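1. need a structure here:
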Amino acid sequence: MIYMYSAQYTNIIDAVEDKYNSQQQLVEKNILQTVHYINNAYDIAEHQLNQEMREYSALMVEKYRVNTEVMEWDLDELQERFPGYDIYIVNKDLKIIKTTYNEDLGLDFSKFGSFATVLRERMAGNEFKVDRVDLSTQAGEIKKYSYMPSPDNQYLFELSVSIEDQYPSFQSLNLFKDASSLTEEYEMLDDIGFYSVEPLRYGVAKLRNSKRPYLNPDVPEFEEELARQAVINNSMQRGTRNIDGIQHRYRFFPALISNQENEQGWNSYVVGIVYNDQVMQNEIKDHRNIFLVNITLMSVLFVSFIAVAVYLLNKFEHQAHHDKLTGLANRKYFAEEFKRLKNKADVTGHTIGVVFIDINKFKEINDEYGHDIGDKVLKSIAHRMENSLKEKDLKARIGGDEFIIALTDLSSKETIMEITTRLITELKKPVCINGKELPISVSAGVSLYPDGGSELEALIKNADSAMYRAKRENKDIEKF
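-> Predicted coordinates:
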C-alpha cells in the first residue's frame, strides 16, 4: 500500500508538473509570437515612416534657409503638409519653444539626463536622426521621433507620429491585452509584466497597465537583474525564488531591444513572466497585486495633480511678471529685480547701466504695415535683446515700443557704453518679416547707478531724457 500510494503520488506530481510545463510553454509561445509579430509589423511601418520623416525634415531645413525666424513660422500650415505628424522646435537651451502639440510647449529637455546629452549631440551635428518606435509612458501611445538640426545649429527640428493613429490596424497589437487574456486563462500564471530598461546605465522600471501605462521604478532587485541581463545578453533569463515558502518561476525575455550606437537614449523593453506553483497562493497574490496597483495608480495620480498645480502656479506667476507679447519682464518685475541688483552693486562696488530704448517711427510701421507686423517687429527686437545680452542682464518692455535694460556686474562706465553700442548696432539691423526686410531705427539713453541717481524711477527718467536728446540730435545713444 505504501508502495502504491507512493507511486500514485509520484504519478500525480509528474502529471501536475507536465501540465504546468505544458501551460508554461503555451504561455511563452503565445507571448513570443505576439512580440515577434509586433516587431515585424513595426519594422515594416518604420521603413515608410523613416522616408517620410527625412523628407519632411528636409522641407523644414529649406524653410529655415528662407526664414530663420522660427517663431514666425505657421506650424499649423506646415502640419497640413505633414499629415499625422506633430512638429517641435527645440532651442539651444533644449526647450520646446514652438510646437503643434501644445501640451509639450515649454518642455525643458535639459533636465532629462542622458537624453539631454543625446539631444545636444544631435543639435551640434548636421545629420538627420530617427529613432525607432517607443512607448510614451505619459501619453500611453506608441510613437516615433526624428531630429534634424538647423543649418546654423541653433535649433533642432523634431517630428513625432503616433503609430496607432497613422496605422489604425496597430491598435489590435496590444501586449497588455494578450497578457491579460493569458493571466485569466491560466491559474498558474502569476504575472506577465513589462519592464523598461534604460540603455546607458540599465536602470529598470516596470510599466503598469491602466488608463495610461505608468512607470514604477520600485522594481525588486531580483526582477531588476533578470530584466537587465535579458537586455545585455539579448536572450531569455530564467530564475527561481522562494517567497513566503512558495516557489516562483521567472522567465524574462527581450521584446524591443535598442542598439546603443544608433538608438541612444531610447529604452529597451522586456517581458517578465512569473509562475506560481500553488493556485491558492496565486489567488492571494493576485488580490494583493490589485491592491498595490491601485495604490500605485492613486499615488501617480496624486503626484500628477500636484505637478499640474505647481506648473499652473509657475505659469501664472510668469504671466504676472512678464510681457505677454515679447516674453520680456514687465515694469513691476523689473523694479523688483533691480532692488536685488542694486544691493549687489553696493557690496561689489560695480556700476549698473540703465538703458532706455525706443523704436523710432514705430507708429509709422503700424500705420503702414498693420499692428500684426508691428507686433512681430517688437518680438524680433526682444529676441535680439535676449541673444545679445547676458542672461543675468535685466530686459523689460515697459509699454508700446519702449524697452529698458539693466546691465549688471560691470566695473567701468566705458564698458557699459561699449555694450550698449553693440546692442544698438544689432537692434538696428533690418527685420525680415514675410520675406520682406523692414528698416529699423532705435534711439537709446543711458544713466548710471549710482552716479545718475539712487532710485530706479530717477534712473529711468534720466535715461529717458538722454534718449530724447539722442533723438533730437539724430544720434543712436546719449548718456545722461
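2. Can you show me the helices along the stretch 351-480 of the chain?
-> Taking DSSP state H, counting those that start in this stretch, the helices of the stretch 351-480 of the chain run over residues 362-369, 371-388, 413-427, 456-472.
3. My guess is residue 480 contacts residue 467. True?
-> No. Between residue 480 and residue 467 there is no contact under Cβ atoms under 8 Å: 9.2 Å. Every residue, glycine included, has its C-beta placed from N, CA and C.
4. list the residues that contact both of these two?
-> Counting by Cβ atoms under 8 Å, 6 or more residues apart in numbering, the common neighbours of residue 480 and residue 467 are residue 445.
5. So for the two, which sits in the more crowded spot?
-> More crowded of residue 480 and residue 467, by other Cβ atoms under 10 Å: residue 467, with 24 against 20.
6. before we move on, the earlier item: could I get the helices of the stretch 351-480 of the chain as CSV with distance to residue 245 and mean pLDDT?
-> CSV is the format used below for those (distance: least, Cβ to Cβ, whole Å; pLDDT from 0 to 100):
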stretch, distance to residue 245, mean pLDDT
helix 362-369, 81, 88
helix 371-388, 65, 92
helix 413-427, 75, 92
helix 456-472, 75, 92
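7. Among those helices, which comes closest to residue 402?
-> The closest of the helices of the stretch 351-480 of the chain to residue 402 is helix 456-472. By Cβ to Cβ, the value is 8.4 Å.
8. what's that closest one in contact with?
-> When contacts are defined by Cβ under 8 Å, 6+ apart, helix 456-472 is touched by residues 335, 338-339, 342, 354-358, 360, 404, 443-449, 452-453, 476-480.
9. what about residue 271, which SS state?
-> At residue 271 the chain is in strand, as set by DSSP: H, G, I helix; E, B strand; the rest coil.
10. And for it, nearest residue in space, chain neighbours not counted?
-> Nearest residue to residue 271, sequence neighbours excluded (Cβ to Cβ, 6 or more residues apart in numbering): residue 255, at 5.0 Å.
11. Am I right that the one you found is in contact with residue 236?
-> No. Counting by Cβ under 8 Å, residue 255 does not reach residue 236; the two are 11.2 Å apart.
12. Tell me which of those two has more neighbours.
-> residue 255 (21 against 17).
13. Who are the contact partners of the more buried one?
-> Taking Cβ under 8 Å, 6+ apart, one finds 35, 39, 175, 194, 268-271 in contact with residue 255.
14. in which helix or strand would I find it?
-> Per DSSP states H and E, residue 255 falls inside strand 246-256.
15. picking that back up, between the helices of the stretch 351-480 of the chain, which gets nearest to residue 200?
-> Proximity to residue 200 (Cβ to Cβ) singles out helix 371-388 among the helices of the stretch 351-480 of the chain, at 32.7 Å.
16. Output the contacting helices and strands for the closest one.
-> Secondary-structure packing of helix 371-388 (3 or more Cβ pairs under 8 Å, 6 or more residues apart in numbering; DSSP states H and E): strand 351-359, helix 362-369, strand 394-399, strand 402-410, helix 413-427, strand 431-433.
17. can you give me the strands in the stretch 201-350 of the chain?
-> Using DSSP state E, counting those that start in this stretch, the strands of the stretch 201-350 of the chain run over 204-209, 213-216, 237-243, 246-256, 268-276.
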